[in-house]
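> Pasting the sequence and the predicted model now:
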Amino acid sequence: MPQQTIGFIGAGRMAQALAKGFVSAGLVGADGLRASDPSAEALAYFADLFGKGAGRESNTQVAQESDVLFVATKPQYVESVLAEVRKSLDAKKLVVSIAAGTTLRKIEAAAGDGVPVVRVMPNTPCLVGSGACAYALGSAATAEHGGRVAELLGAVGAAHEVAEPLLDAVTGLSGSGPAFIYTVIESLADGGVRAGLPRALAADLAARTVAGAAQMVLQTGEHPAALRDAVTSPGGTTIAGLAELEKNGLRSALVEAVTAAARRSAELA
Ligand SMILES: NC(=O)C1=CN([C@@H]2O[C@H](COP(=O)(O)OP(=O)(O)OC[C@H]3O[C@@H](n4cnc5c(N)ncnc54)[C@H](OP(=O)(O)O)[C@@H]3O)[C@@H](O)[C@H]2O)C=CC1
Ligand SMILES: O=C(O)[C@@H]1CCC=N1
């Protein structure tokens, strides 16, 4: 990939996760990063991670200096931020919005005619190269723009192109999903502590169990139910635990969690 400058308007948690992932993957040097944020704390943290050279005083400076401009504010600020920097945008730039719910129509209207826009839903595991992301192309974005975004996101995890209407469901599943799974990990660890394990050991075993099970699904390609059957001995320990999960509605709770998060994403539009 040719040398490029990647800017972030909004230097919060998701911007930091993406920037760190891009730098770790060698897609950009710290000198190729730009960021602006009204929060001195967020900007200071960004500078701690990537060096003081990345910070800029205004969103416009970031837009002017960036080839790829990530808009990484909360959804309610996306249109006003783009209106603010609109004069610095043209067909040679690529605008990438990561905001939940904010539609391509709104982003494109705020960015201006002919500005290539891609709407992305990333997740925080991009920080450690294990992101699960999806993206949809705006009307002025070509396959080449899609390829650039796929290459960036591919360096920090998996990237799937989808039709825009699917992005609310993606948000409910993989955007918000890490928070659901952290709750699962915490609860597994609590179960371990209840059964007598020291907290630190329980926390380590819980996280590795979730990571290992996910890797089994991804690497074997087996259906999760088949993998579950391979753990479950007749009359054994696992079926005793699974019966409790069914009684307490784990499946339904997770289905409802993803559905509620997807619904909320649609509401944000
Ligand atoms: N966190 C996550 O797991 C994911 C988040 N997203 C999306 O990413 C976006 C950012 O989320 P997240 O990183 O969690 O949020 P954060 O609040 O951590 O980061 C947003 C940052 O934008 C700053 N900001 C506010 N107004 C402006 C402005 N006018 N110009 C420049 N910066 C501004 C905020 O400053 P201040 O705090 O002072 O307002 C804050 O530091 C959201 O749209 C969210 O939907 C998508 C996928 C996953
Ligand atoms: O909670 C949120 O709204 C954001 C979007 C997906 C994950 N975090």
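Everything's here; your move. Ligands and ions are numbered 1, 2, ... in the order given.
> who's in contact with stretch 67-75?
Under the contact criterion Cβ atoms under 8 Å, 6 or more residues apart in numbering, stretch 67-75 has outside partners 4-12, 14-15, 18, 62-63, 78, 81-82, 85, 89, 92-102, 107, 148, 152, 268. (C-beta placed from N, C-alpha, C; glycine too.)
> Just the helices from the chain, written as ranges.
13-24, 40-50, 59-65, 78-85, 104-111, 143-154, 167-170, 177-194, 199-220, 224-231, 237-248, 250-268 (DSSP state H).
> Return the most buried member of these.
Of all these, helix 167-170 has the most neighbours on average by mean count of other Cβ atoms under 10 Å, namely a mean of 24.
> How far away from the center of its chain is that one?
Once both centres are worked out by Cα atoms, centre = their mean, to the nearest Å, helix 167-170 turns out to sit 12 Å from its chain's centre.
> which parts of the stretch 51-200 of the chain sit against ligand 2?
Neighbours of ligand 2 within the stretch 51-200 of the chain, by Cβ under 6 Å from any ligand atom: A100, T171, G175, S176.
> Tell me the pLDDT of the last one.
So that's S176. Listed pLDDT for S176 reads 98.
> coming back round to it: from the residues of the stretch 51-200 of the chain next to ligand 2, pick out the ones that also neighbour ligand 1.
For ligand 1, the contacts drawn from those by Cβ under 6 Å from any ligand atom are A100, G175.
> Next, format the residues of the stretch 51-200 of the chain next to ligand 2 as TSV and append neighbour count.
Output for those, formatted as TSV (neighbours: other Cβ atoms under 10 Å):
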residue	neighbour count
A100	23
T171	24
G175	26
S176	20
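> how about the residues of the protein near ligand 1?
Residues of the chain lying near ligand 1 (Cβ under 6 Å from any ligand atom): 9-15, 36-39, 42, 59, 72-75, 77, 81, 98-100, 121-124, 175.
> Quick one: mark the members of those that sit in strands.
Residues from the residues of the chain next to ligand 1 lying in strands, with DSSP state E as the criterion: I9, S36, M121.
> Of these, grab the buried ones for PyMOL.
A single PyMOL command selects the buried members of these (16 or more other Cβ atoms under 10 Å):
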select buried, resi 9+36+121
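> can you tell me which of the ones in strands among the residues of the chain next to ligand 1 lies nearest to ligand 2?
Each of these was checked against ligand 2 using Cβ to the nearest ligand atom; the closest is M121, at 7.1 Å.
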